[in-house]
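>>> sequence? don't have it. structure:
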């Protein structure tokens, strides 16, 4: 499971392309119920995870190669 600063949540499996908070909440409940850890213990482990900054590379329009289908 991963999240973006924009609030989007990504799952490695069992995902059907939904961008929906109810689906994310149900997935979280499923993960918690399948674990022997309490939710607070899981959150403590998540806080140790790293995050990466958003990378934005500038490219002038003249340098973009547009695909023409």
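That came in fine, so what should we check first? Quick caveat: nothing in here was measured; it's all calculated off a predicted structure.
>>> And the strands in the chain, which stretches?
2-3, 9-10 (DSSP state E).
>>> Out of those strands, name the one with the poorest average pLDDT.
Mean pLDDT across the strands of the chain is lowest at strand 2-3; the value there is a mean of 66.
>>> average pLDDT for the helix ranked longest in the chain?
Ordering each helix of the chain by length in residues (DSSP state H) puts helix 21-33 first. Mean pLDDT, helix 21-33: 85.
>>> Stretch 40-52 now?
77.
>>> Which elements pack onto the longest helix of the chain?
helix 39-47 (3 or more CB pairs under 8 Å, 6 or more residues apart in numbering; DSSP states H and E). In short, each C-beta sits where N, CA and C put it, glycine included.
>>> contacting residues around the helix it packs on?
The contact list for helix 39-47, computed with CB atoms under 8 Å, 6 or more residues apart in numbering, reads 31-32, 35, 37.
>>> Scan those and report the most crowded one.
Neighbour counts for these peak at residue 31, which has 14 neighbours (criterion: other CB atoms under 10 Å).
>>> gap between residue 10 and residue 23?
As judged by CB to CB, to the nearest Å, residue 10 and residue 23 stand 12 Å apart.
>>> same deal with residue 9?
Distance, residue 9 to residue 23, using CB to CB: 9 Å.
>>> What of residue 33?
Look at residue 33 and residue 23: by CB to CB, they are 16 Å apart.
>>> Which one of the two is surrounded by more residues?
residue 23 (16 against 7).
>>> ok, how many other residues are close to residue 27?
With other CB under 10 Å as criterion, residue 27 counts 17.
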